[in-house]
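Peer 1: please work out how this folds:
(2 chains)
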Amino acid sequence: MSERAAKVTPADEEQDDDQITDSAAPDAAKELDADTESTPTEQAEPVTNGAEAVVRALENAGVEYAFGVQGGAIMPVYDALYDSDIRHVTMAHEQGAAHAADAYGIVSGEPGICLATSGPGATNLVTGLADADMDSDPLVALTGQVPTEFVGNDAFQETDTTGVTTPITKNNTFASDSDRVGSDVSEAFALAGEGRPGPTLVDLPKDVTKGETDREPDAPKTPDTYRVQERADEELVAAAAERIENAAKPAMLLGGGVIKGEASEACREFAIEHEIPVITTMPGIGAFPEDHELSLEMAGMHGTGYANMAITHCDTLIGIGTRFDDRLTGGIETFAPDAELIHVDIDPAEISKNIHADYPLVGDAETVVEQLREAVDSSPEATKWRAQCQQWKSDYSMAYDAPEDGPVQPEFVVEALDEATDDDTIVTTGVGQHQMWACQYWTFTEPRTWVSSHGLGTMGYGLPAAIGARLAADDDQDVVCIDGDGSFLMTMQGLSVAVREELDITVAVLNNEYIGMVRQWQDAFFEGRHAASEYNWMPEFDKLAEAFGAAGFRIDEYDEVADTIADAIAYDGPSVIDVHIDPDANVYPMVPSGGDNGQFALAEDQL
Amino acid sequence: MKRGLDGPAPEERPTPAGRRNKQGIRIDPEVEATHLPRRTVISALVEHEPGVLSDVSGLFSRRQFNIESLTVGPTKDDDRARITVVVEEPDPGIDQIKKQLRKLVPVISARELEPDAMQRELALIKVEADDPAQVNAVADMYDAKTVDSSPETATFEITGARQKIEAAIETFGQFGIREISRTGATALARGTDETAAPVSATESAADEANQQEIPADDD
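Peer 2: Below is the predicted model of the structure:
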């Protein structure tokens, strides 16, 4: 996987920056550019204003794509982008820009970039920023702002953007100086990707971006106050290793941090070497191949029965890069109640936040797993436990009925899509029942192929995420968006972008004419009162796709599934399949909110 | 129509006997009790830049930390400010506060002060001055300084520990208090112990290690 861009910058850059600081002359900058090899700035003209410095900072960081919407206060930056090799993808809505940048970051491992103007442009980014923050996705948002002299006066299209986004960004900055604005952006880029990734924002007042400067941006570097611990304490590692050696019922729980920390390979080797059953969280999907014998797949509210049995009964839980979200843990009291927890995380604040860690290992996931590998001398004796896990796998198998004369079952569609595509296919989703079926019935084997909104649960994430993922993916990788009708309706204006950019994306809308997950809960907990969850006024999505200029398909019967999917995947460009599924289909297993993971329901009458 | 998957029903499955408490700690004889809230002082050294106080206070409010007082002021270094927060939280919460504070980019260091740290508050108390002699006698008793007096009122400045200020307010109460304005506590560690020295990245791990009380051979 690609190195983080923050580390790509040549080492000699910093030195050169000092020259500029000293002389502050355009000539010096020219000389520097001639000296610096392999950076995009090689033949670049010296910057003349703040906006050019902003764009130069992005170029220095190796940015290829930026997603955004033009507007008044951000115009100087767009004017500077006009001459840049960075490809700007105009989105139909800023929320889509943030999600596309977020997905770009997940797939590429480098921060995605989104731009918006002040006021409504910036506030439209908010959902995407909150989403990236919850899922620790690397993202840089650049927002226009009214000129400094109007700030605080309720000027046209003014919003206190740094104020609004403080709780939902890893860090944000109000740029106040044309000479420094480029470096502000460089720093935001470095902060987004380093340590625990997250979204950062730089608010750019128009006078600052228009203001004259010849100051080239500094290399991407995090501030001195930002410290990341790479290696875990050796003594704690030794103690944890001893615990693993003596475990009778060990399990590994791989979270999204495993994928972000490029630790999938190390975790796989560790699990296979010591034959430890592996459970993933939802963001951790893809960290371990789900077709491997040791894989128990995903645990939590809609996790597999076997994963939830294993997590409830294990005596040693090795949690890596997971923050123990309530959708995973269910009720705290009954979460892995017999397990001593070994918790590996790069963010010390995640340790013992929700579940007390007996062995807190703060550090980079890959580094710490390597430390553990060195420290563990003998594999735990857990033959009986592994047999038990396999037994649970057959007891609670994820099988479903799909009678041919009945309505199409969503699980069947997900499996058909999986079969029709390669292992490295990227799947994006919206949020709801369709997302859970995608988790459960798609067999993920590779990291960075599962792109979804986990922590925030943002409906409408799927299509814009597919756009970002498509641009980050290799050309021969397929991108499939599994969406719900309600979810798709929220951001489907993004289809215009996919058509304009000729992006090869297949969207399968699992259409049950309901906000299905809400309907499922209403049936279970609100006496079947379907308040505002019936969506029987849905448009025909295949025709809608054609109106946008995309290819439209429709599935009503089982015998249409395979051929239609094949046609849609084969179509070179955006295609939408309106899949009319069984409107009554629900997601099981299910752990009711705050419930006991081991007491998951397999059917509605068990809730 | 029955829908769903096959497998033993919930009541047919084994369940472990163990449990965790609300703080996610496994309940066993050693740590059976849920931690009760305690009052403590957290001192943070931060970059002196616009917005840092709102970053810190916002962090406290959105994470639902129970904050008693928060003061902020410059330090000997123009680029740095010190924020002193008095909180009342159970131990796991106090631990979270420190760790969350350290995550903020403008925060240079954050630590919990020892219980013997020097803590001072300031209060301005405006009382009815119907009986100046008596009022002054009380003021003397609490080392209060007169900062304003008029035919009807007298205003005193008191500094000291919280208990002293509360006692003074109570005693002044007999004359009738018109208005009070109080600061929160500001605090410094005693002696050569540094209140908020920049910490290494490993400090948080050291915190963890101390808290976990992993048995070490060389104790």
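
Peer 1: what does the stretch 251-400 of chain A have sitting close to chain B?
Peer 2: Neighbours of chain B within the stretch 251-400 of chain A, by C-beta under 8 Å from any C-beta of the partner chain: A:305, A:309, A:312-313, A:324, A:332-335, A:337-340, A:347-349, A:351-360, A:362, A:395-400. Where you see a C-beta, it was placed from the backbone N, CA and C, and this is true even at glycine.

Peer 1: may I have stretch A:333-351 as CSV, with CA atoms only?
Peer 2: Provided in CSV are the C-alpha atoms of stretch A:333-351 (Å, rounded to 0.1, in the frame of the first residue of the first chain):
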residue,chain,number,x,y,z
GLU,A,333,-21.7,-5.4,31.6
THR,A,334,-21.9,-8.4,29.3
PHE,A,335,-19.1,-7.6,26.9
ALA,A,336,-16.4,-10.3,26.9
PRO,A,337,-17.0,-10.6,30.7
ASP,A,338,-14.4,-13.3,31.3
ALA,A,339,-11.8,-11.8,29.0
GLU,A,340,-8.6,-10.1,30.0
LEU,A,341,-8.2,-7.4,27.4
ILE,A,342,-5.0,-6.6,25.6
HIS,A,343,-5.7,-3.3,23.8
VAL,A,344,-3.4,-2.0,21.1
ASP,A,345,-4.1,1.5,20.0
ILE,A,346,-2.1,4.5,18.8
ASP,A,347,-4.4,6.9,20.6
PRO,A,348,-3.9,6.6,24.4
ALA,A,349,-7.3,8.1,25.0
GLU,A,350,-8.9,5.0,23.5
ILE,A,351,-7.4,2.8,26.2
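
Peer 1: what's the domain layout of the chain?
Peer 2: Answering for chain A, as no chain was given. Chain A breaks down by the TED database into domains covering A:50-210, A:234-396, A:410-584.

Peer 1: wait, chain B was what I had in mind.
Peer 2: Chain B breaks down into these domains under the TED database: B:35-113, B:118-188.

Peer 1: nearest to chain A, of those?
Peer 2: Chain A lies closest to domain B:35-113 among these, at 3.8 Å (C-beta to the nearest C-beta).

Peer 1: circling back: a markdown table for the domains of chain B, including mean pLDDT?
Peer 2: A markdown table is the format used below for those (pLDDT from 0 to 100):
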| stretch | mean pLDDT |
| --- | --- |
| domain B:35-113 | 94 |
| domain B:118-188 | 95 |
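
Peer 1: which of these sits most buried?
Peer 2: domain B:35-113 (a mean of 18; mean count of other C-beta atoms under 10 Å in any protein chain shown).

Peer 1: does it reach chain A?
Peer 2: Yes. Domain B:35-113 reaches chain A (C-beta under 8 Å from any C-beta) through B:47, B:50-51, B:54-55, B:58, B:62, B:92, B:95-96, B:99-100, B:102-103, B:105-108.

Peer 1: of those, which belong to helices?
Peer 2: B:54-55, B:58, B:62, B:92, B:95-96, B:99-100, B:102-103 (DSSP state H).

Peer 1: can you pick out the most distant pair from the residues you listed?
Peer 2: B:S54 and B:P92 (25.7 Å; C-beta to C-beta).

Peer 1: for the stretch 151-300 of chain A, which segments are assigned as helices?
Peer 2: A:161-165, A:181-193, A:206-210, A:234-245, A:256-260, A:264-274 (DSSP state H, counting those that start in this stretch).

Peer 1: please convert those helices to a markdown table, extending it with mean neighbour count.
Peer 2: A markdown table is the format used below for the helices of the stretch 151-300 of chain A (neighbours: other C-beta atoms under 10 Å in any protein chain shown):
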| stretch | mean neighbour count |
| --- | --- |
| helix A:161-165 | 21 |
| helix A:181-193 | 28 |
| helix A:206-210 | 23 |
| helix A:234-245 | 19 |
| helix A:256-260 | 27 |
| helix A:264-274 | 19 |
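
Peer 1: just put the ones you listed in CSV and tack on mean pLDDT.
Peer 2: Compiled in CSV, the helices of the stretch 151-300 of chain A are given as follows (pLDDT from 0 to 100):
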stretch, mean pLDDT
helix A:161-165, 97
helix A:181-193, 98
helix A:206-210, 98
helix A:234-245, 98
helix A:256-260, 98
helix A:264-274, 98
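
Peer 1: which SS class is A:H302?
Peer 2: coil (DSSP: H, G, I helix; E, B strand; the rest coil).

Peer 1: tell me how many other residues surround it.
Peer 2: A:H302 has 22 neighbours, counted by other C-beta atoms under 10 Å in any protein chain shown.

Peer 1: tell me the pLDDT of it.
Peer 2: According to the prediction, A:H302 has pLDDT 98.

Peer 1: per-residue confidence at the residue lying closest to it once chain neighbours are set aside?
Peer 2: Distances taken as C-beta to C-beta, 6 or more residues apart in numbering or on different chains place A:M436 nearest to A:H302, at 4.4 Å, with adjacent residues excluded. Here the pLDDT value assigned to A:M436 is 98.

Peer 1: for the one residue in chain A that gets nearest to chain B, what are phi and psi?
Peer 2: Nearest residue of chain A to chain B: A:A603, at 2.6 Å (C-beta to the nearest C-beta). Main-chain dihedrals, A:A603, degrees, to the nearest 10: phi -160, psi 170.

Peer 1: please name the nearest non-neighbouring residue to it.
Peer 2: Leaving aside its chain neighbours, A:A603 sits nearest to B:G4 (2.6 Å; criterion: C-beta to C-beta, 6+ apart).

Peer 1: was I right to think the one you found contacts A:L602?
Peer 2: Yes. Between B:G4 and A:L602 there is a contact under C-beta atoms under 8 Å: 4.8 Å.

Peer 1: returning to what we had before: generate a PyMOL selection restricted to the buried subset of the residues of the stretch 251-400 of chain A next to chain B.
Peer 2: Buried subset of those, written as a PyMOL selection, criterion 16 or more other C-beta atoms under 10 Å in any protein chain shown:
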select buried, chain A and resi 305+309+312+313+324+332+333+334+335+337+338+339+340+347+348+349+351+352+353+354+355+356+357+358+359+360+362+396+400
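
Peer 1: which ones among the residues of the stretch 251-400 of chain A next to chain B are found in strands?
Peer 2: Using DSSP state E, the subset of those located in strands is A:340, A:359-360, A:362.

Peer 1: show me what contacts the most centrally placed residue in chain A?
Peer 2: The centre of chain A sits closest to A:I106, judged by C-alpha atoms, centre = their mean, with a distance of 4.8 Å. Listed by C-beta atoms under 8 Å, 6 or more residues apart in numbering or on different chains, the contact partners of A:I106 are A:135, A:137, A:448, A:451, A:469, A:472.

Peer 1: 7 Å - rerun?
Peer 2: By C-beta atoms under 7 Å, 6 or more residues apart in numbering or on different chains, A:I106 lies in contact with A:137, A:448, A:451.

Peer 1: name the SS class of the residue nearest to the last one when sequence neighbours are not counted, please.
Peer 2: Read that as A:V451. Counting by C-beta to C-beta, 6+ apart, the nearest residue to A:V451 once its immediate chain neighbours are dropped is A:T428, at 4.4 Å. Classification of A:T428 using three-state DSSP returns strand.

Peer 1: what is the neighbour count of A:T428?
Peer 2: 32.
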